[in-house]
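S.K.: Task: produce atomic coordinates for the following.
(one chain, ligands or ions: 1)
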Amino acid sequence: MTDGARTVAVTARNLTVKYGGVVALDNVCLDIAEGDYLGIIGPNGGGKTTLLKSILGMIRPSEGEIRIYGKNPSDAGGIVGYVPQVASMNKTFPASVREVVAMAKLRPEIMFFHKYTPVELEAADLAMEKAGIFDLRNKRVSELSGGQFQRMLIARAISHNPKVLLLDEPTANVDATSRTDIYDLLEKLNGSMTIVMVTHDMLAVSSQVRSLACLNVRLVYHGESEISEDMVKELYGCPIDLLAHGVPHRVLRQHKDGE
Ligand SMILES: Nc1ncnc2c1ncn2[C@@H]1O[C@H](COP(=O)(O)OP(=O)(O)OP(=O)(O)O)[C@@H](O)[C@H]1O
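M.R.: Just a heads-up that it's a prediction; the model follows:
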């Protein structure tokens, strides 16, 4: 899909998602350009994970639609890679790093009995090399640090060479060094794939992403990653939660003398 001169990787049109009586997303319209590195911020419960799951086709919209390169999410499986929130993962999973990365495309019911083909193992090895964890391939998952675990999840998500990589809080609960490693890795990956990252890490917003979306059930802002003070006023509905924690000041441009 193209929009003028640029190719659009993901489109959300009038996307509304409800869980029973809870409206998680309300009439969201969003175009994510190919090659973008989009940060999604917003208060807890603002619908960030729901948007990722909608792009993945894990959740069906109540109204509106999502398109990935013009396709329905259900037909775009190979195009999208997903790094879920670590909180939703079982870290005591009885497998090696290599097996977890290789099992990316297997159905859950066969993964324990599957004999990996050389092609599958080669793809896993390549993904682990890209993610900088090849040396860890024979370790048990339970032995990994928080940062290593995240890079394993990224390796798993990129093992089929997706065009779009979705990440849900990839630096939650990792130390500062691992966070830097993960951002370096994502910057490299952005050379060949569109990245969409949900984050509460405002440092990432100011230094890593190319553009920013602010979600508080509605899409309150989508544009440059540097938010001006005027925008903050306009964004009141979203950053009010962040403002309460004093965070958006870090996304604001530094004041020059006399300003
Ligand atoms: N499976 C579900 N069933 C019912 N309600 C849900 C479900 N998943 C999410 N919700 C509700 O939908 C809303 C949006 O949740 P979502 O997880 O998308 O927000 P979020 O912005 O990712 O939040 P956080 O920053 O806390 O991870 C919340 O009110 C949440 O309680």
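
S.K.: so where do the strands sit in the stretch 1-150 of the chain?
M.R.: 2-3, 6-19, 22-33, 37-41, 63-68, 80-83 (DSSP state E, counting those that start in this stretch).

S.K.: Which stretches in the stretch 1-150 of the chain count as helices?
M.R.: 48-56, 97-102, 118-130, 146-158 (DSSP state H, counting those that start in this stretch).

S.K.: Give me the distance between A204 and the ligand.
M.R.: 15 Å (C-beta to the nearest ligand atom, to the nearest Å). Bear in mind the C-beta positions are built from the backbone N, C-alpha and C, glycine included.

S.K.: returning to that earlier point: any chance of a markdown table for the strands of the stretch 1-150 of the chain, columns mean neighbour count and mean pLDDT?
M.R.: Output for those, formatted as a markdown table (neighbours: other C-beta atoms under 10 Å; pLDDT from 0 to 100):
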| stretch | mean neighbour count | mean pLDDT |
| --- | --- | --- |
| strand 2-3 | 10 | 61 |
| strand 6-19 | 18 | 96 |
| strand 22-33 | 18 | 96 |
| strand 37-41 | 25 | 93 |
| strand 63-68 | 18 | 97 |
| strand 80-83 | 24 | 94 |
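
S.K.: Quick one: the ones you listed as JSON lines, columns for distance to the ligand too.
M.R.: What follows is the strands of the stretch 1-150 of the chain, written out as JSON lines (distance: least, C-beta to the nearest ligand atom, whole Å):
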{"stretch": "strand 2-3", "distance to the ligand": "26"}
{"stretch": "strand 6-19", "distance to the ligand": "3"}
{"stretch": "strand 22-33", "distance to the ligand": "4"}
{"stretch": "strand 37-41", "distance to the ligand": "8"}
{"stretch": "strand 63-68", "distance to the ligand": "14"}
{"stretch": "strand 80-83", "distance to the ligand": "14"}
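
S.K.: what would the ones you listed look like in TSV with distance to K163?
M.R.: Below are those laid out as TSV (distance: least, C-beta to C-beta, whole Å):
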stretch	distance to K163
strand 2-3	15
strand 6-19	7
strand 22-33	11
strand 37-41	14
strand 63-68	8
strand 80-83	8
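
S.K.: Nearest the middle, which residue of the chain would you pick?
M.R.: Nearest to the mean C-alpha position of the chain, by C-alpha atoms, centre = their mean, lies L167 at 2.0 Å.

S.K.: strands paired with the one helix or strand that residue maps to, and their directions?
M.R.: Per DSSP states H and E, L167 falls inside strand 164-168. Strand pairing for strand 164-168, determined by DSSP bridges: strand 80-83 (parallel), strand 194-198 (parallel).

S.K.: Kindly reformat the ones you listed as CSV containing distance to P73.
M.R.: Formatted as CSV, those follow (distance: least, C-beta to C-beta, whole Å):
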stretch, distance to P73
strand 80-83, 8
strand 194-198, 13
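
S.K.: Now do the buried residues in the helix or strand harbouring V205.
M.R.: V205 is located in helix 202-207, with elements delineated by DSSP H and E. Within helix 202-207, the residues that qualify as buried are 202, 204-206, counting by 16 or more other C-beta atoms under 10 Å.

S.K.: who touches D125 in this structure?
M.R.: D125 sits next to 98, 134, 137 when contact means C-beta atoms under 8 Å, 6 or more residues apart in numbering.

S.K.: I'd like to know how far it sits from A12.
M.R.: The spacing between D125 and A12, counted by C-beta to C-beta, to the nearest Å, is 35 Å.

S.K.: next one: S206
M.R.: Relative to A12, S206 is positioned 25 Å away (C-beta to C-beta).

S.K.: One more: N90?
M.R.: N90 is 30 Å from A12, by C-beta to C-beta.

S.K.: if we can go back for a sec, okay, the contacts of D125 in JSON lines with pLDDT, distance to the ligand and neighbour count next?
M.R.: As requested, the contacts of D125 are arranged in JSON lines below (pLDDT from 0 to 100; distance: C-beta to the nearest ligand atom, whole Å; neighbours: other C-beta atoms under 10 Å):
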{"residue": "R98", "pLDDT": "92", "distance to the ligand": "30", "neighbour count": "22"}
{"residue": "F134", "pLDDT": "96", "distance to the ligand": "31", "neighbour count": "16"}
{"residue": "R137", "pLDDT": "94", "distance to the ligand": "31", "neighbour count": "20"}
